[in-house]
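Participant: let me see the structure of the following:
(6 chains, ligands or ions: 3)
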Amino acid sequence: MLSHMSSMRKILPVLLFLAMLAGGAVLYAPDAVAQAPAPEAPAPAPDAAAAPAPPKIDTGDTAWVLVSTALVLAMTAPGVALFYGGMVRSKNALSTVLQSFLILCLISVQWVLWGYSLAFGPDVGHIIGSLAWFGLNGVGVEPNADYAATIPHQAFMLFQMMFAVITPALITGAFAERIKFSAFVLFTLLWATFIYDPLAHWVWGVGGWVRNLGALDFAGGTVVHISSGVAGLACALVIKKRLGLGKDSMHPHNLPMTLLGASLLWFGWFGFNAGSALASGALATSTFTATNTATAAAALAWMVAEWIYRGKPSALGTASGAVAGLVAITPASGFVGPISSIWIGIGAGVLCYTAVMLKPLFGYDDALDAVGVHGIGGTWGALATGLFASKAVNSAGADGLFFGNPAQLGIQAMAVLITMVFVFVGTLIILAIVAGITGLRASEEDERLGLDLSQHDEKAYS
Amino acid sequence: MLSHMSSMRKILPVLLFLAMLAGGAVLYAPDAVAQAPAPEAPAPAPDAAAAPAPPKIDTGDTAWVLVSTALVLAMTAPGVALFYGGMVRSKNALSTVLQSFLILCLISVQWVLWGYSLAFGPDVGHIIGSLAWFGLNGVGVEPNADYAATIPHQAFMLFQMMFAVITPALITGAFAERIKFSAFVLFTLLWATFIYDPLAHWVWGVGGWVRNLGALDFAGGTVVHISSGVAGLACALVIKKRLGLGKDSMHPHNLPMTLLGASLLWFGWFGFNAGSALASGALATSTFTATNTATAAAALAWMVAEWIYRGKPSALGTASGAVAGLVAITPASGFVGPISSIWIGIGAGVLCYTAVMLKPLFGYDDALDAVGVHGIGGTWGALATGLFASKAVNSAGADGLFFGNPAQLGIQAMAVLITMVFVFVGTLIILAIVAGITGLRASEEDERLGLDLSQHDEKAYS
Amino acid sequence: MLSHMSSMRKILPVLLFLAMLAGGAVLYAPDAVAQAPAPEAPAPAPDAAAAPAPPKIDTGDTAWVLVSTALVLAMTAPGVALFYGGMVRSKNALSTVLQSFLILCLISVQWVLWGYSLAFGPDVGHIIGSLAWFGLNGVGVEPNADYAATIPHQAFMLFQMMFAVITPALITGAFAERIKFSAFVLFTLLWATFIYDPLAHWVWGVGGWVRNLGALDFAGGTVVHISSGVAGLACALVIKKRLGLGKDSMHPHNLPMTLLGASLLWFGWFGFNAGSALASGALATSTFTATNTATAAAALAWMVAEWIYRGKPSALGTASGAVAGLVAITPASGFVGPISSIWIGIGAGVLCYTAVMLKPLFGYDDALDAVGVHGIGGTWGALATGLFASKAVNSAGADGLFFGNPAQLGIQAMAVLITMVFVFVGTLIILAIVAGITGLRASEEDERLGLDLSQHDEKAYS
Amino acid sequence: MKMIEAIIKPFKLDEVKDALLEMGVHGMTVTEVKGFGRQKGSKETYRGSEYTTDFVPKVKIEVFVADNQVTKVVETITRTAKTGSVGDGKIFVSDLSSVVRIRTGETGESAL
Amino acid sequence: MKMIEAIIKPFKLDEVKDALLEMGVHGMTVTEVKGFGRQKGSKETYRGSEYTTDFVPKVKIEVFVADNQVTKVVETITRTAKTGSVGDGKIFVSDLSSVVRIRTGETGESAL
Amino acid sequence: MKMIEAIIKPFKLDEVKDALLEMGVHGMTVTEVKGFGRQKGSKETYRGSEYTTDFVPKVKIEVFVADNQVTKVVETITRTAKTGSVGDGKIFVSDLSSVVRIRTGETGESAL
Ligand SMILES: Nc1ncnc2c1ncn2[C@@H]1O[C@H](COP(=O)(O)OP(=O)(O)O)[C@@H](O)[C@H]1O
Ligand SMILES: Nc1ncnc2c1ncn2[C@@H]1O[C@H](COP(=O)(O)OP(=O)(O)O)[C@@H](O)[C@H]1O
Ligand SMILES: Nc1ncnc2c1ncn2[C@@H]1O[C@H](COP(=O)(O)OP(=O)(O)O)[C@@H](O)[C@H]1O
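Facilitator: Ligands and ions are numbered 1, 2, ... in the order given. Alright, predicted model coming up:
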């Protein structure tokens, strides 16, 4: 079959397409120039404080951030819910969809009560926010210039809420098809409170110590993707493999559902990245361009890699590549130009495809590849930001190695490392606690029967 | 099984979560304070006239309302279409989806021709709008300060259109799986014209008599939800039970589809509620916060109630809870703070779950729980507005009982009662007329065969 | 059965509804008046240059265009992907969905590298854009007054990108279920580069020769719909019929999926049409009204035509009618009022239904009716623009025949003809080239097995 | 003992099942099958193009009974499954040499 | 009369059906089954991890015919269902004691 | 030769299949069926309203074997498919007059 496929005529379009990407190379230099400085562009979240804007609500900015908030919500449910839901076996389809949906419910309440306060509330020793904003006490509708000067404070809170929601949802891909429901609920609440909230404070909160290191993370590559990927790894290692892995078919039960999910992720990610400009205008636009370009390039790269290696390109591969690209461009999106985005995308597609293919060697069962896509893709993205970032694109950012500032790469690597260590260790501890209270895995009988029936007494399809 | 589940360790997360919500209690008082007055915030529809704004189109406000309009459209199709479509048996899946889709088509034309004029046109005796705006005659693009001062008049018309569209769509849940198609079309046209349009005029139209009573209904709790719920009850009573109810399995044929629908409802509801601010800014933002918070709390409340009572939490229950929360917060969303929203949500989840569980006792077949969710949830929401509304959140609103103004609760109850009586009686009359012209129910043979094949000669899946 | 259905009582609602539409007639004249001139409204793309606006970024306009861009992306994936995906047999479901998804990836990169430059770059002999903007070189975030004065140039580029993406996706409906994957990839790249990009330049690019003819095409009736329809015809003729056509059942495997796709198309089309105002305000709003109204009318018209002719209305028919309406109103949306929109919609529904029903007579296998819906609907829309356009609605536009300017109809017809000839011939040439390199059709064995397994070694459902 | 295999129209299943229950048959096994016979599949049109399906959906009922019950069972099925139109189906009877009830290991008629 | 049960490769169904029609068989009943035999399920890999499926999709054709037709039918199926590769399937023949056509109540060969 | 038809609980399929393999059965054909018998469908409640399903999902295994293998096969199935609770299913044995392997045309036991 492979020999067949790779016969010259068949593979031609692939080469043609590689040529197309190669085209990008020539264009390397222009990139910086292509992007005129955008002084009027509001700075990205981390540096918002710097931007000297009068705390007057702008209707256009607010409309954009509210829409972005809705878009990011749609990334979790139905986005991740369907992307993952389609990849499991039908006996676990409903429980998988429910996990994402339920996380949206749990964290929405957790965030309003104490999550937002811990993450963005008045700093305590550069480590955590105080509980002064418990229950959104004092978080009103007038702008908070520390975070976003032209939109209501609550709009910023809502936008950040959706990030806190999607992160644990991404982890569910690692322990899919075997976790006990009660354990899942408990794990989510603890992880969000003791891992996500502090981490978000370190990186984005006023006074957060990682933020002070000067690491660039436009829309959450470390906080959201590396953290969910690493947490997923810890879960996969502790919770062990699904029964019958390597013996029974674990094929996705509904791939159109997965592609629908991937499309919605792409759609919603514009809110995730371009919305992180926290204003409508130049920066949101260049971020939008970078996001879309890297995603497309990554999907194509994964597809081509698969075409060459496996003999046939697959739909699941193309969709996974797109998600890998979205993940990788996230931290860089506000700081890089279109051509850089293509390279970041290609890197993401190839690296993540390789990671997923090598997974069996490491022997952990990252069921839906949360580690391979978010962990690897997120890490590549964070480092790539240190390579491709350019002040010509975002004056409020910094230059990367390719733009004459090698130091940035070091800072990025540092931020990655800090995140990985903290999250990995922290997640292991939380898993131990949960194991002690509810136990982690569904019983063998329940797992065989499927989580839909065993945990919820429901069937996805009748 | 139940005994199993309720074993201490298993139930712990539930308790933990209850504690979490309880956390809200302490915070009761702060809520009002948490919300700084928002004078610059445009008032909600009912009081827009009051707002002294120069009739100049604001690009941000217009963008927000147009986006909101699209979002509310998405609530009906694909939102309600899939939410309901997944809950029926596969032999009725397509016809159920089509009902929502077709209502979007029917009412879009009806609204442009005479619906909008009847509902919002020049008042005639506080009862109905004149036909002066038939065919949108005189409804142009310059703002109409009576309804929204900073957006084109047609933008307001479009936004309202989507409300007129979704209301009859919600009713379809009550007569699902057994109504004759021709009867459905006729019923929809008559109901929209003779029930919805007048009711909308009473509550929102300039000069409408209910509006003049001072009842608070930010985004349509009475007009949309109570009315669809009560109409659903009338339909369920008149059209009778589905064949085989209590004997054959009536299990949902595709629950992931239902969860997709629920997620899209949540997504679109931000347009429904926050869009009702008819401007982008402070009010839209606080409405957004209230909407998301109440929805999440309601979903969790329903899930927990089910976990305790049924022994296992279900996906359908969690999704239904979310919808119940969205329904309940609708009238209150523009007037309450986050903590109040949590309480409104918890109330909605518990009340609607109870209603749905007790349904069999009353013996009517509200197939997809339009009554239990929209009727009960809407009523609770309207009354809760009279409890939790606070001028500190929206100066253009009023204080509720908990904020020292018990009178408001009475006014709310009055509005609820008026709506219920008018809609129930009116719907019965319309059903009688339709019965006389086309008959209401599909033949027994057609019902057994399924509405997809019998009414449309189509199969949902091949 | 037909006799049954057409029995007086059953058909009554149909008549009632016809009466409802008839109501529109009376209102013919008012339409123009209904629409107050909108001088402050930014002109549509083609004439943007004319609008004397200071090149300052407007946050509301930018928010609207970015959102519209996301909406148009959603039209292709998941919109078209599901609309078409549900219509094929399950053995081809995944490959069909993948085609749309992959086109999004391919063109996103192609557009950034050379597509945008060819289409909108500095004019070369009124025929094509130069490669000066290769890799977005010089396409930055400051507004380009030639195309849109109040949003970043890249925002315009992104918005146009999504049009370049969806056009080839629409074509896939014509060669569905039988094309070879490698051929599909190659065809898409060549067609986008050698047909779409030049055509877009002719019609929209500064200096484009068709644009200079004064043809009205608000949102792409010729460039997107006629071109995809005609290209589809060429493909269907060259690639020949699917095996077993007329013998085996070719019924859609998942119609709820198709209705979901149609709903998302409707939802996204607001970005497509109203977004083409390239600003948020009066013009975007009137365009939104026209779009929604025509779509609903077309869906109803198709449904009624089917009800009368076939005896039963179908879900697929209603959805197809909606898409036909969206297609037809596209070029007219910015120039016509609500009543005109109803007539355009009715025309679209009836014409496209007829075209689809007569298809077998012509003997080509336009599998999913790309020709019948986009070709016929697009042509009707382009001509209808010449009939119903009114300066009273858009001062930057022109009057149509019904508003006293018969000449416009001629210009429209000319533009249609030019597009048809160029696209048809060009597509034939490209097909010949592709045939020579990769071959066009999957082998008979592969086609029988289904493209999912044969081209991708995947199954849509397991 | 005998094995009775009846191929009937799907919508008749419940009726037949209830009737068999009535007359004291304790069990049966049902399979969804596609039938081909005098009754041709419907001539369907889709988007203008026409086609006929050769196979018709049917349901196969297998009942294993003691010899003395055969005539009664056959008669019952014939009566309840009949609509009088082509495609009502057929009943086939063949011999059965032995039966075992897995749960108890019983054999012979008592295992039915 | 005899009952002929053939288990064949799914994609051969149409061919076999047409051939049987040719030779004058008026009816048959088809069931989708999973087969297990010498032909093993394919060794598949998904996301790097490998596994083999034991069962192969097959189609079961049941034809009830008069004794004198048996050899001809068996021969026809053998010819048309054959690909020569492992997994072509088998044909099993057993006795049938009686037949009834539900619609008419006819019994014996005329009921076939 | 004999035809052995066993109706068992679905989740027992793998176990039974492996056991038969063990003892040297080279092939079998499996069909998903709905069973009706002493074991009644579960009493389910949905949204407050209750109902019972008559049919229970079962799996039918068909094995064709040489006469001398019958007892061993029946014994094996009985042992492995047994859970002891109602609904374990039944095993039916009947005669087989002839067999053909389509691929080779072999007949008789060697074709099994
Ligand atoms: N010779 C046969 N062998 C196996 N099955 C048959 C045979 N003849 C008919 N059947 C089954 O019986 C069903 C009904 O037979 P058909 O000829 O269509 O109508 P009728 O039962 O009225 O004669 C067919 O669909 C097929 O499943
Ligand atoms: N002993 C048997 N009993 C029942 N079915 C069998 C038996 N042997 C084979 N089969 C059926 O025949 C099919 C083909 O047999 P297999 O051994 O795979 O190839 P071949 O027919 O070439 O010998 C199997 O998939 C199975 O469905
Ligand atoms: N007389 C029968 N004819 C055909 N199938 C039967 C018969 N009796 C039982 N079965 C099948 O065996 C299955 C199990 O039988 P059941 O009576 O439920 O339990 P048990 O096998 O323990 O007696 C039934 O679901 C049905 O499929």
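Participant: low-confidence ranges, chain A, go.
Facilitator: Where chain A drops to pLDDT under 70, the residues are A:1-55.
Participant: max-length helix in it?
Facilitator: Counting residues, the longest helix found in chain A (DSSP state H) is helix A:407-437.
Participant: that one and chain B in contact?
Facilitator: Yes - against chain B, helix A:407-437 shows contacts by Cβ under 8 Å from any Cβ of the partner chain at A:Ile437. From N, CA and C alone the C-beta is placed, and that goes for glycine too.
Participant: that helix: what's the following helix or strand?
Facilitator: helix A:444-449 (DSSP states H and E).
Participant: ok, A:Leu449 - how many residues close by?
Facilitator: 15 (other Cβ atoms under 10 Å in any protein chain shown).
Participant: and the strands in the stretch 251-400 of chain A?
Facilitator: For the stretch 251-400 of chain A, no strands turn up when DSSP state E, counting those that start in this stretch is the criterion.
Participant: can you tell me which residues contact A:Gln228?
Facilitator: To be clear, residue A:228 is Ser; Gln isn't right here. A:167-168, A:170-171, A:370, A:374-375, A:378 (Cβ atoms under 8 Å, 6 or more residues apart in numbering or on different chains).
Participant: go on, A:Tyr364?
Facilitator: A:233, A:236-237, A:241, A:371.
Participant: let's see 10 Å
Facilitator: A:Tyr364 sits next to A:174, A:232-241, A:371 when contact means Cβ atoms under 10 Å, 6 or more residues apart in numbering or on different chains.
Participant: whichever residue of chain D sits closest to chain E - nearest residue in space that isn't next to it in sequence?
Facilitator: Residue nearest to chain E within chain D (Cβ to the nearest Cβ): D:Gly37, separated by 3.5 Å. Closest residue to D:Gly37 apart from its sequence neighbours, by Cβ to Cβ, 6 or more residues apart in numbering or on different chains: E:Gly27 at 3.5 Å.
Participant: repeat that for A:Leu409.
Facilitator: A:Gly386 (3.5 Å).
Participant: and the one you found, how many neighbours?
Facilitator: With other Cβ under 10 Å as criterion, A:Gly386 counts 29.
Participant: helix, strand or coil for A:Thr150?
Facilitator: Secondary structure assignment for A:Thr150 (DSSP: H, G, I helix; E, B strand; the rest coil): coil.
Participant: if we can go back for a sec, I figured the residue of chain D closest to chain E hits E:Leu20, correct?
Facilitator: No - look at D:Gly37 against E:Leu20 with Cβ atoms under 10 Å: they stay out of range, at 11.7 Å.
Participant: okay, those two: which has more neighbours?
Facilitator: Between D:Gly37 and E:Leu20, counting by other Cβ under 10 Å, E:Leu20 is the more crowded of the two (24 against 20).
Participant: ok, whatever helix or strand that one lives in near ligand 1 or not?
Facilitator: Following DSSP H and E, one finds E:Leu20 within helix E:13-22. No - against ligand 1, helix E:13-22 shows no contacts by Cβ under 6 Å from any ligand atom, the least distance being 9.3 Å.
Participant: list the contacts of the one residue in the stretch 1-150 of chain A that gets nearest to chain E.
Facilitator: Proximity to chain E, evaluated over the stretch 1-150 of chain A using Cβ to the nearest Cβ, is greatest for A:Met87 at 9.3 Å. Going by Cβ under 10 Å, 6+ apart, A:Met87 touches A:93, A:96, A:173, A:176-177, A:250-255, A:257-258, A:261, A:316, A:319-320, A:367-369, E:47.
Participant: much appreciated, bye for now.
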